[in-house]
Structure formats: C-alpha cells, structure tokens
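K.L.:
coordinates for the following, if possible.
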Amino acid sequence: MQTLRSTPSLRDQQVASNSLSRFTAALPDRHTHQVQLRLQASEETIAVPRKALELLRVILAGMAQGQDISLVVAEELVSTQQAADLLHVSRPHLVKLLETAVLPFIKVGSHRRVRVVDVLAYKDQQTAHRQQHLLLLAQQAQDLQLGYD
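P.N.:
Below you'll find the model as predicted:
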C-alpha cells in the first residue's frame with residue numbers, strides 16, 4: 001500500500017496553525033478548477049487542481065491539532081492487517097467480516113486483499129449506525145426522564 005503517514009512535530013503544529021486561516025481565506029472560489037502556485041524557493045510556477053488545495057487545507061487542519069495524517073489511494077488493495085488497522089479492529093475480526101461477506105475482498109494467491117474504498121465505506125456506515133443508535137438512546141433517556149437533559 002502506497003501510504004504517506006506523518007506525525008507532526010510541535011514546530012509543524014505551530015506552522016500549520018499559523019498558516020491555516022490565511023490559507024483557507026486564500027483558497028479560490030469553488031468554480032475555479034485549476035490554481036497557479038508560485039514556489040518561493042525555486043521561483044517555479046505550477047498549476048494544481050483546486051481539489052489538491054482543499055486536501056492541503058484538511059492536512060493543515062489535522063496537523064494544527066497534532067493529529068497523525070495518512071494519505072492512501074482509495075482504489076488501492078490492502079492486506080487484511082492494513083484494513084484492520086484502518087478500522088481500528090483486530091485482524092481476526094476483519095477476517096470474520098470478510099468471510100461473512102460484510103466486506104468484499106479478492107484473493108491474490110492465498111492472500112485476501114480489500115479495496116481501501118470499501119474499507120472506508122464500511123467505516124462510514126458503522127459511524128452512521130452508531131450515531132443513529134446514540135440518538136435513539138438519548139431520546140429514550142429523555143423520554144424516561146433519567147436526568148440527562
């Protein structure tokens with residue numbers, strides 16, 4: 001899996017925090033598809049897609065908060081251990097999800113491979129499912145006047 005993973009240093013956090021609001025304000029409107037950037041160090045001007053700048057804004061926001069940053073190509077195939085790591089579950093639990101067809105996979109030789117996009121879709125589905133149940137529990141607690149106002 002071609003992944004870029006980084007934990008920001010305190011210095012990185014400070015630089016990201018100081019530049020985030022200015023960077024966000026400098027982003028062109030959503031109708032712009034391409035942006036010209038001038039790199040100060042090399043005096044080079046390059047064209048980049050606006051979407052790349054939106055991703056950079058998300059990276060800066062995460063770095064400013066000291067969060068680990070990982071970039072993964074969504075269509076890439078990953079091993080069961082890598083998929084388990086993305087979901088923060090054990091590998092045996094992930095294998096059960098694969099074998100019960102909760103998550104699709106392919107076999108490469110004797111090894112299972114899972115598309116990152118499928119893992120992330122499952123993660124989003126589980127997050128939404130948890131949120132729905134938490135709202136239901138909160139509503140029940142209010143209906144029963146359990147003191148959680």
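K.L.:
surely residue 101 is within a helix?
P.N.:
No. The assignment for residue 101, made by DSSP: H, G, I helix; E, B strand; the rest coil, is coil rather than a helix.
K.L.:
how many neighbours does it have?
P.N.:
By other CB atoms under 10 Å, 8 other residues sit near residue 101. (Each C-beta comes from the backbone N, C-alpha and C, glycine too.)
K.L.:
which ones are touching it?
P.N.:
Residues near residue 101 by CB atoms under 8 Å, 6 or more residues apart in numbering: none.
K.L.:
look up the pLDDT of it for me, please.
P.N.:
pLDDT, residue 101: 95.
K.L.:
list of residues touching stretch 103-118?
P.N.:
With contacts defined as CB under 8 Å, 6+ apart, stretch 103-118 is touched by 1, 72-80, 83, 86, 94-95, 97-98, 119, 122.
K.L.:
no wait, stretch 15-29
P.N.:
8, 35, 50, 53, 54, 56, 57, 60, 61, 63, 64.
K.L.:
kindly reformat those residues as JSON lines containing distance to residue 26, neighbour count and secondary structure.
P.N.:
What follows is those, written out as JSON lines (distance: CB to CB, whole Å; neighbours: other CB atoms under 10 Å; DSSP: H, G, I helix; E, B strand; the rest coil):
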{"residue": "8", "distance to residue 26": "21", "neighbour count": "21", "secondary structure": "coil"}
{"residue": "35", "distance to residue 26": "10", "neighbour count": "16", "secondary structure": "strand"}
{"residue": "50", "distance to residue 26": "12", "neighbour count": "16", "secondary structure": "helix"}
{"residue": "53", "distance to residue 26": "9", "neighbour count": "17", "secondary structure": "helix"}
{"residue": "54", "distance to residue 26": "12", "neighbour count": "13", "secondary structure": "helix"}
{"residue": "56", "distance to residue 26": "11", "neighbour count": "13", "secondary structure": "helix"}
{"residue": "57", "distance to residue 26": "10", "neighbour count": "15", "secondary structure": "helix"}
{"residue": "60", "distance to residue 26": "12", "neighbour count": "22", "secondary structure": "helix"}
{"residue": "61", "distance to residue 26": "15", "neighbour count": "16", "secondary structure": "helix"}
{"residue": "63", "distance to residue 26": "17", "neighbour count": "23", "secondary structure": "helix"}
{"residue": "64", "distance to residue 26": "16", "neighbour count": "19", "secondary structure": "helix"}
